[in-house]
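Colleague: Below: sequence and its predicted model.
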2 protein chains.
Amino acid sequence: MNKNKDVAGEEPSGALMADVARLAGVAISTVSRALANPGRVNEKTRAKINAAARQLGYTPNAMARGLRVGKSNIIMIILPGSLYYGASQIIPQVLQSINKSLIQGGYNLMIANLDRDEISERHILDLAFGGSVRGAIILSSKLPEVDGRSLANSGLPIVSMLLDMSDAGLQSVITNDREAVRDVTAELIRLGHRQFFYLAGPEGNYHDVERYGGVLEALEAAGLSEGSVRRSGGHLDYQHGFDIGVQAADDFAKLTEKPTAVIATSDDMAISFVSRIQRTGLSIPGDVSVVSFDGSPVCEFCSPPLSTIKQPVEEMGRAAVDLLLGAIDQRETTAAVRTVIHSELILRESIGPTKN
Amino acid sequence: MNKNKDVAGEEPSGALMADVARLAGVAISTVSRALANPGRVNEKTRAKINAAARQLGYTPNAMARGLRVGKSNIIMIILPGSLYYGASQIIPQVLQSINKSLIQGGYNLMIANLDRDEISERHILDLAFGGSVRGAIILSSKLPEVDGRSLANSGLPIVSMLLDMSDAGLQSVITNDREAVRDVTAELIRLGHRQFFYLAGPEGNYHDVERYGGVLEALEAAGLSEGSVRRSGGHLDYQHGFDIGVQAADDFAKLTEKPTAVIATSDDMAISFVSRIQRTGLSIPGDVSVVSFDGSPVCEFCSPPLSTIKQPVEEMGRAAVDLLLGAIDQRETTAAVRTVIHSELILRESIGPTKN
DNA sequence: CGATTTATTGCAAACGTTTGCCAAAAACTG
DNA sequence: CAGTTTTTGGCAAACGTTTGCAATAAATCG
């Protein structure tokens, strides 16, 4: 009842624009203009108003502003699952880079987690349709959609990262996974390798399809059959990379005819795989060459140091934000829909020529 | 101008409560009550309203609601710096766990990055005083404060994590760093070690003080002098853990009288340190025992597997959220101000008795 | 059956901004 | 100096909810 009546300011929270106006002796609308607009108000009054605002410790109410102008300054990022995958820093790095770019543009970052359940989908849709957010970046997932509402027709600008959804008309920032894997596989072939072992993340997953596709392309180009590569894993999420690697090492041990080159689709898999097969007496790269995906810094300090395909996450984050803010400001609405950022192959001692 | 006039709904975005009311043939206020309040409206009308709402794909506008009730449902987490520290997943794990608990409570998580600059402090204060957020969790940092405004008197419920600010009256969720380090040091002493090497994060940092303090306590308890431990590092942030370890390995190499036990204050430091000193021909734990901090999963797959003090981050996150939501709901305002969550020492092969 | 309570709904005033429109004042213009 | 343009500042109407209050309808009671 008597919260913010004109009797007295009791709570420390909340000098209003009206208070500033009163103190400065001007109208409330003038205060608004003084604080936001550039040249709409006389310099002298502006100074008076600024002084009053500072004296009162005035901070404009973001929700009132948002309601009035019909926009928020929050961007949400939709993450597919856990924020951390073993040693792989993909998600945190993306987050960091996005947040940084966003702040520079005056926006805030909100995290939305897209678990498999309907609850979280609904939650995200509420955020989108409820006007809470101004745009969305979606990481490696399809658009949430439940009872008729879909993120696609929320009217929000959306950018997809890591997953190519350009055919659905979504701006997509992706890496050249397929090409990168093709190249590294070709390099392994050049080094004499003919039998490959491929550690998969979730089967059918976009990354899996692309990366495995890259392997096959390289094999074909070299005239090798599809049978030259054996798959392991495929039923666990990337989040369980270490487990996949451990499991794969078991699988590997059981093989009578051992592949000489291993392509892991995350650093985690490679690390645990290497750790396990070293125990069985195999040496790297003497017996087995290993290359993996992600570019985690820790790879440099493994023994032997691991070759890895570095995901250009920071640039991807920046690019995604640029595209998103561009769409918000309605610049370049019709620009190229797919942005490919190139991965970088980091060659280290875990790769070598075959013995014979 | 003619955005949402009553002429026609052009934009796909935005069925309003008024639309639902019209379709259901009731007043707008009835709709509001039907959707939120429990038994304030007749079941039949409620059904009609729900049907209408679903048909229109209605989603309440969060900012309008927030403005009216004077509360938002956003919690901000204030992070001290980078989101990722090498292989240590502390921050992402905390984020994950906090976000999960928050969503269950109906809140959303916003990320605020507290860099050293004044800009970011001001930004955080704007968020706090601008009514955008309902509460804050602050990670391992002091409260931002600039031109008279301080987070402390924003009226927001705040919980401090990792940094003990209970003396400032802030609910603090911390780990027993000092005790954990004391125990592990004592264990090393029991194994015969008498000369220690301590890898520090930023000097004077709360964690550094606590952890180094733990070492000293153990030494004293065993009757060893403070001179039994040498420090390395101290000028770089934890973010550069790998660099610290590399540098420390150089320092170590230069020592004529080599310590036999190393206590690293992050897994990153330990990993790069180990990698480097192994190259100089030293063996672990034969020549040097190593223990570190954080409990990164990757430690299990290092060679040798690293002993580490596992930070109970998930529980800390949960605890912090519980406290925060408690404060928001004004339950238990006067509960214990300090919550200590216990670390877990994971002993692996990187630790062993001294040779002689 | 009239009186009193209770359940249900509607009206209208908030919440704290922004902004279109208008009026007054100031600055030019011829 | 009257007429015209440009600055400047105020009024009041939004933005889309929630909620106190009042009104009506239904139910209960003596």
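Modeller: The structure has been received and is ready for your questions. Numbers count the residues shown, from 1 in each chain, chains lettered A, B, ... in the order given.
Colleague: can you list contacts of stretch A:159-167?
Modeller: A:94, A:135-143, A:170-175, A:206-207, A:316-317, A:320, A:323-324, A:327, A:337-338 (Cβ atoms under 8 Å, 6 or more residues apart in numbering or on different chains). Every residue, glycine included, has its C-beta placed from N, CA and C.
Colleague: tell me the mean pLDDT over that stretch?
Modeller: The average pLDDT within stretch A:159-167 is 93.
Colleague: Tell me the buried residues in it?
Modeller: A:V159, A:S160, A:M161, A:L162, A:L163, A:D164, A:M165, A:S166 (16 or more other Cβ atoms under 10 Å in any protein chain shown).
Colleague: ok, back up a step: out of the contacts of stretch A:159-167, which are inside helices?
Modeller: Using DSSP state H, the members of those that fall in helices are A:V94, A:Y206, A:H207, A:M316, A:G317, A:A320, A:L323, A:L324, A:A327.
Colleague: Redo those residues as JSON lines? Include neighbour count.
Modeller: Listed next are these as JSON lines, based on neighbours: other Cβ atoms under 10 Å in any protein chain shown:
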{"residue": "A:V94", "neighbour count": "26"}
{"residue": "A:Y206", "neighbour count": "18"}
{"residue": "A:H207", "neighbour count": "21"}
{"residue": "A:M316", "neighbour count": "24"}
{"residue": "A:G317", "neighbour count": "25"}
{"residue": "A:A320", "neighbour count": "29"}
{"residue": "A:L323", "neighbour count": "26"}
{"residue": "A:L324", "neighbour count": "26"}
{"residue": "A:A327", "neighbour count": "18"}
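Colleague: Of those residues, which is the nearest to DNA strand C?
Modeller: Here the nearest of the ones in helices among the contacts of stretch A:159-167 to DNA strand C, counting by Cβ to the nearest atom of the strand, is A:A327; it sits at 19.6 Å.
Colleague: Surely A:A112 is in contact with A:I124?
Modeller: Yes. Taking contacts as Cβ atoms under 8 Å, A:A112 lies within contact range of A:I124: 5.0 Å.
Colleague: any common contacting residues for the two?
Modeller: A:M76, A:I78.
Colleague: wait, what's in contact with the most centrally placed residue in chain A?
Modeller: Of all residues in chain A, the one closest to the mean position by Cα atoms, centre = their mean is A:V94, 4.3 Å from it. A:V94 makes contacts with A:L139, A:M161, A:V313, A:M316, A:G317, as judged by Cβ under 8 Å, 6+ apart.
Colleague: Save those as TSV, and put in distance to B:S225 too.
Modeller: Below are the contacts of A:V94 laid out as TSV (distance: Cβ to Cβ, whole Å):
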residue	distance to B:S225
A:L139	53
A:M161	55
A:V313	47
A:M316	52
A:G317	50
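Colleague: Please tell me I have it right and A:E315 contacts A:I341.
Modeller: Yes. With contact defined as Cβ under 8 Å, A:E315 reaches A:I341; the gap is 5.1 Å.
Colleague: For these two, indicate the residue with more neighbours.
Modeller: A:I341 (19 against 15; other Cβ atoms under 10 Å in any protein chain shown).
Colleague: Local confidence estimate at A:M1?
Modeller: pLDDT, A:M1: 33.
Colleague: Hmm, I typed the wrong one, I wanted A:V7.
Modeller: According to the model, A:V7 scores 30 on pLDDT.
Colleague: angle of the helix or strand hosting A:K100 against helix B:90-104?
Modeller: According to DSSP states H and E, A:K100 maps onto helix A:90-104. Per axes from the mean of the first three to the mean of the last three Cα atoms, to 10 degrees, the angle that helix A:90-104 makes with helix B:90-104 is 80 degrees.
Colleague: for the residue of the stretch 151-300 of chain A found nearest DNA strand C, helix, strand, or coil?
Modeller: With Cβ to the nearest atom of the strand, the shortest gap between the stretch 151-300 of chain A and DNA strand C falls at A:G155, namely 18.5 Å. Classification of A:G155 using DSSP: H, G, I helix; E, B strand; the rest coil returns coil.
Colleague: how far away is it from A:L345?
Modeller: Applying Cβ to Cβ, to the nearest Å, the value for A:G155 to A:L345 is 40 Å.
Colleague: So if I had to pick from these two, which one is more boxed in?
Modeller: Neighbour count, other Cβ under 10 Å: between A:G155 and A:L345, A:L345 has more, with 17 against 13.
Colleague: So the more buried one is in contact with A:A186, correct?
Modeller: No. Contact between A:L345 and A:A186 fails when scored by Cβ under 8 Å: they sit 11.0 Å apart.
Colleague: mind listing what A:E314 touches?
Modeller: Applying Cβ under 8 Å, 6+ apart to A:E314 gives the contacts A:Q93, A:Q96, A:S97.
Colleague: Kindly apply the preceding question to A:S101 instead.
Modeller: A:G317, A:R318, A:V321, A:D322.
Colleague: Show the pLDDT at A:I309.
Modeller: 96.
Colleague: tell me the contacts of A:P60?
Modeller: A:M17, A:L35, B:G130.
Colleague: and A:G14, how many neighbours does it have?
Modeller: That count, for A:G14 with other Cβ under 10 Å as the rule, works out to 18.
Colleague: For my notes, confirm it occurs in a strand.
Modeller: No. Under three-state DSSP, A:G14 sits outside any strand and is assigned coil.
Colleague: Quick check: it vs B:T339, distance?
Modeller: From A:G14 over to B:T339 (counting by Cβ to Cβ), the distance is 30 Å.
Colleague: among the contacts of A:S101, which are within reach of DNA strand D?
Modeller: Contacts with DNA strand D within the contacts of A:S101, as defined by Cβ under 7 Å from any atom of the strand: none are present.
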